[in-house]
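J.: A predicted structure for the sequence below; I have some questions about it.
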Amino acid sequence: MTIKAPKDCTSMDDVRAEIDRLDEQLVTLIGERFNYVDRAWQLKENPADATVPWRIQQVIDKVRAHAEEKDVPPRLVAAHWRQMIGWFIQYEEEKLDEKQSKE
């Protein structure tokens, strides 16, 4: 499959095909990130450990900076990351609750 730059897309079919290609890659990368989060909860002791405010801010600051470098709206990227981090925190809290109840 030939990858087309946005400026080379001459139809909505071209645009949709490229978006679908990127979506597949994004899902793969989110899956890879999830695997690290899945390991992280196993290294923690209790549900309170799932939320680390300084780390959340550090991650948001980094992705905002990367977004600015890539000329992507930082607010868009930060909003997506906050949503994703929120989901991951909830996941970790649930896993840690289960872990504690088994002990």
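T.: Arrived safely.

J.: where do the helices sit along this structure?
T.: Using DSSP state H, the helices of the chain run over 12-42, 53-69, 74-102.

J.: packing partners of the first one?
T.: Contact here means 3 or more Cβ pairs under 8 Å, 6 or more residues apart in numbering; DSSP states H and E; on that basis helix 12-42 packs against helix 74-102. Backbone N, C-alpha and C define where each C-beta goes, glycine included.

J.: what comes up buried for the helix it packs on?
T.: Using 16 or more other Cβ atoms under 10 Å as the test for burial, helix 74-102 gives 74, 77-78, 81, 84-85, 88-89, 91-93, 95-96.

J.: adding pLDDT and distance to residue 14, write those residues out as CSV.
T.: What follows is those, written out as CSV (pLDDT from 0 to 100; distance: Cβ to Cβ, whole Å):
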residue, pLDDT, distance to residue 14
74, 98, 28
77, 98, 25
78, 98, 30
81, 98, 29
84, 98, 29
85, 98, 33
88, 97, 34
89, 97, 38
91, 97, 36
92, 96, 40
93, 96, 43
95, 95, 42
96, 95, 46
